[in-house]
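Undergrad: Here is my input, please return the structure:
(2 chains)
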2 protein chains.
Amino acid sequence: MSGPSRWTLADGRELLFFSLPGRAPAPVADVRPLPPRDPEPSELRFDRATGQWVIIAAQRQDRTYKPPAEACPLCPGPTGLTSEVPAPDYDVVVFENRFPSLAGPGFRRDNDRSARETAPKSFVSAPGNGRCEVICFSPDHTGSFAELPAEHARLVVQAWRHRTAEMLARKEIEQVFCFENRGEEIGVTLAHPHGQIYGYPYLTPRTAAMLAQARENRNAHGTNLFADLLAAEVADGSRIVARTERFTAFVPYAARWPVEVHLYPNRRVHNLTDLTEDELDDFAEIYRNLLGRFDRLYDAPLPYMAALHQYRDEREQADGYFHVELMSIRRSATKLKYLAASESAMDAFIADATPESVAARLRAL
Amino acid sequence: MSGPSRWTLADGRELLFFSLPGRAPAPVADVRPLPPRDPEPSELRFDRATGQWVIIAAQRQDRTYKPPAEACPLCPGPTGLTSEVPAPDYDVVVFENRFPSLAGPGFRRDNDRSARETAPKSFVSAPGNGRCEVICFSPDHTGSFAELPAEHARLVVQAWRHRTAEMLARKEIEQVFCFENRGEEIGVTLAHPHGQIYGYPYLTPRTAAMLAQARENRNAHGTNLFADLLAAEVADGSRIVARTERFTAFVPYAARWPVEVHLYPNRRVHNLTDLTEDELDDFAEIYRNLLGRFDRLYDAPLPYMAALHQYRDEREQADGYFHVELMSIRRSATKLKYLAASESAMDAFIADATPESVAARLRAL
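TA: Numbering: from 1, shown residues only, chains lettered A, B, ... in the order given. The predicted structure follows:
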């Protein structure tokens, strides 16, 4: 596949068109009177009590909130007056978020270390640099990733891979996180099928915790933790949801969420840029397959979060193993799981169903 | 204050009455045809990818869900046929949860260590032992903690302290967590003012993370991390919400939640059992005061979680500092914060308001 076409929005943000074979974008000028961008829209603050960074992005309170369909900023906007995508049509587009939690180039990668070393400085902060992008999966306002035609899903994967490569080339970005939040139940404010891509300037706390476990496992046993977990799930079999020559999907043994599926490539790679074309094809297909199962679980589409865990192939991230974690808060046709005090205050998760029963249901769909 | 009166429910669960001075409970027989209790209602599973225990409590799917007010199981039940509290009246009661996430006495305290040492065993589990209690703050079906009369709020604190002491005396319980979830917005299924008390058989992940930070701080600087944080907040002043001779409440420097207040005693103690009577009086008053501010923030009562962080005065918990963390997901009069993929999948929190602005609003109320 060829690379994307680049365009610039009225306030200087980048817009990238990814096109199906034989198609070409025809953007028009973005003539919206947008205010200039804030070069440093957020602040990072280090929480000494937990050792974790928190992003303080106060200006995001005004972000677009559940607009009517006719005012959707993600639909194609042929006039250049109504949309984030000034074009009569598109296949897949990526653009910088107008209300970013992270933006700008200045963050130092050694920030985490310096936050610890300069202690006992009481209050440690850093500029909220990094990158936040929106990815529109399709020009259609309705629909879902699961309903995309195969080659269209593959194009989204190609866009994710392109963005991963480009962001990882910026050394101030520590971690590239492609994700999708789907459903009003988890707070999605734009119905148009889309995902987001964050370039964090620090290693996120969950990733850091997982890598610490992987390091401990390697030191104790000489093996890769994630490869061990995958092999154990395959050997056990009771939680496998789907398996191909190149990928395996399972409900993890200690699942936290009412519906949770992890999708691993059968060989260890660090991120999407390491996958071969065959693997990328397979990935798009099984990913779409899993989301289709999600939507067949209940009468209504399942609210879900899709999280692509990607790693740099260096230093403390070298033990990483690219995989996707899919999660839903729906615990029955009528009920949601809420993260109340046990989960929110203590990180002590309480699951309402056995992973084996969830896997059996998903397998059967 | 004198100790509670003990009673037994139809299925053998304990019920404790805490009474205001001059009052005495008059329970009747609980004649409900309750099924026998499951002695081991849940399972703990060790998540090797994160190093955290997860509770799998599959039978809780059937727990009581938003009953009508006339069927409230927390209102006094003078007939012994309708309620968890078979009595014509009460002040504060505590009883074992009928749908517990944790129950039974058998868990070993060295479980966490053994889970690590026996690796690379693929799947590590343990019985879900521990204790889950419900605490009814008042016999009135409506109202809130903030609206309790002063001596009634003090009685709740007394009950929390009693339960903390009794559970900490059981060596298989590692951590005692008194908490309140308030509001349908965070999934509360019973409207009657109540909280819960969990006796976890393991150190919860967030507590473990905080203690690891405290240990690192002590090794590096010889001081207590939490005492340092409190002193820094007092010295800075910009995030203080309320302060008395014995307690200080502030929005933390790196707050994660749209509304977040931490309440510390001015001298370090490990848990409620260490506080003097004067301190307990002060605690009840400032805690109630803070919740009152919460309810005055918007036109409607604020959904919130209240988390009492308590520690054992021994071993890896010795660096602990008793405090309360209050959190709300309401980010404006009409909007909630959702924990979507950045928070849920990566623990990377994005706050929508500066801690200083939130503190200023709460101070002014």
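
Undergrad: Of all the residues in the stretch 251-365 of chain A, which one is nearest chain B?
TA: Across the stretch 251-365 of chain A, no residue is closer to chain B than residue A:338, which sits at 2.7 Å (CB to the nearest CB). Backbone N, C-alpha and C define where each C-beta goes, glycine included.

Undergrad: ok, now which ones touch the closest residue to that residue other than its chain neighbours?
TA: With CB to CB, 6 or more residues apart in numbering or on different chains as the criterion, residue A:338 has its nearest non-adjacent residue at 2.7 Å, and that residue is residue B:187. Contacts of residue B:187 were listed using CB atoms under 8 Å, 6 or more residues apart in numbering or on different chains, and they are A:336, A:337, A:338, A:340, B:181.

Undergrad: State the pLDDT value of residue B:187.
TA: Residue B:187 is assigned 89 on the pLDDT scale.

Undergrad: Can you tell me which residues in the stretch 151-300 of chain A are near chain B?
TA: Contact residues (CB under 8 Å from any CB of the partner chain) of the stretch 151-300 of chain A with chain B: A:177, A:179-181, A:186-188, A:196, A:198, A:200, A:204-207, A:209-210, A:212-213, A:216-217, A:220-221, A:223, A:225-226, A:228-229, A:232, A:235-236, A:252-256.

Undergrad: Now the helix or strand harbouring residue A:228: buried residues?
TA: If you go by DSSP states H and E, residue A:228 is part of helix A:225-236. Neighbour-count burial for helix A:225-236 flags A:225, A:226, A:227, A:228, A:229, A:230, A:232, A:233 (criterion: 16 or more other CB atoms under 10 Å in any protein chain shown).

Undergrad: is it true that the second one touches residue A:214?
TA: Yes. With contact defined as CB atoms under 8 Å, residue A:226 counts as touching residue A:214 (6.6 Å).

Undergrad: Could you tell me which residues touch both of these two?
TA: In contact with both residue A:226 and residue A:214: A:319, A:320, using CB under 8 Å, 6+ apart.

Undergrad: Against residue B:265, how distant is the residue in the stretch 101-250 of chain A that chain B sits nearest to?
TA: Chain B sits closest to residue A:187 of the stretch 101-250 of chain A, with a gap of 2.7 Å, by CB to the nearest CB. Between residue A:187 and residue B:265 the computed distance is 35 Å (CB to CB, to the nearest Å).

Undergrad: what do you get for residue A:193?
TA: Counting by CB to CB - residue A:193 and residue B:265 are separated by 51 Å.

Undergrad: Quick one: classify the residue most central in space within chain A as helix, strand or coil.
TA: Closest to where the C-alpha atoms of chain A average out (CA atoms, centre = their mean) is residue A:179, at 1.6 Å. Secondary structure, DSSP: H, G, I helix; E, B strand; the rest coil: residue A:179 is strand.

Undergrad: Poorly predicted segments of the stretch 1-150 of chain A, please.
TA: A:1, A:60-63, A:106-120 (pLDDT under 70).

Undergrad: can you list the buried residues of helix A:225-236 in TSV and add pLDDT?
TA: Output for these, formatted as TSV (pLDDT from 0 to 100):
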residue	pLDDT
A:225	98
A:226	98
A:227	98
A:228	97
A:229	97
A:230	98
A:232	97
A:233	98
